[in-house]
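**Q** Coordinates only, no sequence provided:
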Ligand code: NAP
């Protein structure tokens, strides 16, 4: 891999501060989705290695949970600095293994690093409470303590940021972590582990185990020493992990699939709405959980919006993410290509018009054309499920009430967007959208300073912001008696 510091590229797992292979020596090949070339291998671990990592995390927890907040804060600050010092190399790793354009990967590393900075600060603000006594000689104290060993499972679409969003708050409050990265993108996780060591995070506090998801996941979700599971990925897998965690009553955080509506009212600034929709749809080739999946445009401006949006979408430059001009990289897999094609085919068969794109790209491989569909209706597959590809369906609506009903008519509730210049409507619609996050006159909502997360079948819990530590803490109430002389 073409990076300046070759130490960042690890072909091994990181358990208890050591770089290790799978017990049986087996490995999996990792390929670049832009050209199918092999980048390297990683250990194909299973239950045994997961157990070793949990044991290491449990031992490390005994010490790490007792460290003072300033010490935890300081190593996280170091990690923030190191991520930015190595930003370009880390970004190149993401682009090699995940395919996204280098500029987007640079942005992802800045975003990932920001969680280490943010939670280095929050480490010092894990406040409790003193509550008036319910009897004269009593006082009630509330303290917050780290929950324990955390099992963490992450997806391929933001291999650095999704991991940082979990391990930063966990480590900040005194937890220790066993992480299993997605099989497509393990090198961002192992690079983070390498930097964590340089930052001064002690052995066993952060472990990375690559390999068999079901075996590792099953150990994590059933082991009594793992007190919490934090998962980002599909709703189907999230539900399965929630069930598996039930027998040991673990605290579970889930960041799951989305099906974001993007609503453009007739009083919106049209140019802003077009640009916002473009970024919300085509970022990471449409493979983000907060992607605009259903674009609803009020009928009076439907043709105008569709024309402008299609023009800009058709100009997006598709190519290898390492090329400077690239604005849209490859998709992650053949399955992703099939899903995008299936959504286009279904919509076409049910009467939609392909305004641009609609096919695998002439570059071949895993490249798909930026696609716009008009005349789309609610019966089409694309109206009902997450596409996770660069296909933008544009629906028409007449009234506020109608569009709210249609936007909310989904089991998902992650992100929603709308554009309007009406103050009352801004407030009204924000309140009535059944989503965990709302972008009002913007197509970009992610920041470490705000609570990221969904409702309904899009998840449980929040990541980032002052609320981001709550999922890694237990609350304890102490009833203090004997105050009276
Ligand atoms: P996925 O198939 O659910 O996989 C996510 C992770 O879970 C991978 O590491 C995967 O490993 C692992 N996994 C799968 N089955 C497992 C099992 N039985 N036990 C333990 N681990 C298991 O999702 P994906 O395709 O990678 O990611 C795309 C999905 O993530 C989309 O639905 C997207 O919306 C969602 N997402 C949500 C957020 C959010 O913040 N809400 C952010 C990003 C992505 P294997 O691949 O080896 O099975």
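**A** It's in. From a predicted model like this one, the values you see are computed outputs, not experimental measurements.

**Q** Pretty sure residue 416 sits in a helix.
**A** No. Looking at residue 416 with DSSP: H, G, I helix; E, B strand; the rest coil, it is strand, so not inside a helix.

**Q** any idea how far the ligand is from it?
**A** To the ligand, residue 416 is 13 Å away according to CB to the nearest ligand atom, to the nearest Å. C-beta: built from backbone N, CA, C; applies to glycine.

**Q** ok, now residue 127?
**A** Taken as CB to the nearest ligand atom, the span from residue 127 to the ligand is 27 Å.

**Q** neighbours around that residue, how many?
**A** By other CB atoms under 10 Å, 8 other residues sit near residue 127.

**Q** wait, is it part of a helix?
**A** No. Applying three-state DSSP, one finds residue 127 to be coil, outside a helix.

**Q** nearest residue to it other than its sequence neighbours?
**A** Take residue 127 and drop its neighbours on the chain: the residue closest to it by CB to CB, 6 or more residues apart in numbering is residue 144, 7.6 Å away.

**Q** now the closest residue in space to residue 90 that isn't next to it in sequence: how far from residue 285?
**A** If the residues on either side of it in the chain are set aside, residue 90 comes closest to residue 109, at 4.7 Å by CB to CB, 6+ apart. Distance, residue 109 to residue 285, using CB to CB, to the nearest Å: 18 Å.

**Q** Over to residue 29?
**A** For residue 29 relative to residue 285 (CB to CB), the value is 22 Å.

**Q** Touching, residue 422 and residue 266? I think so.
**A** No. Counting by CB atoms under 8 Å, residue 266 is not a contact partner of residue 422; they are 9.9 Å apart.

**Q** what's the following helix or strand after the host helix or strand of residue 60?
**A** For residue 60, the host element (DSSP states H and E) is helix 47-64. With elements assigned by DSSP H and E, the helix or strand that comes after helix 47-64 is helix 69-85.

**Q** Am I right that residue 257 falls within a strand?
**A** No. Applying three-state DSSP, one finds residue 257 to be coil, outside a strand.

**Q** Enumerate every residue touching the nearest residue to it once chain neighbours are set aside.
**A** In space, and not counting its chain neighbours, residue 257 is closest to residue 235: 4.4 Å by CB to CB, 6+ apart. Shown in contact with residue 235 (CB atoms under 8 Å, 6 or more residues apart in numbering): 256-257, 411-412, 457-458.

**Q** In contact with the residue of the stretch 51-200 of the chain found nearest the ligand: list those residues for me.
**A** Using CB to the nearest ligand atom, the closest approach of the stretch 51-200 of the chain to the ligand is made by residue 155 at 3.3 Å. Taking CB under 8 Å, 6+ apart, we find residue 155 in contact with 162, 182, 232-234.

**Q** which of the residues in the helix or strand harbouring the residue nearest to residue 90 are buried?
**A** Per DSSP H and E: residue 109 is located in helix 102-122. For helix 102-122, the neighbour count (16 or more other CB atoms under 10 Å) marks 102, 104-109, 111-120, 122 as buried.
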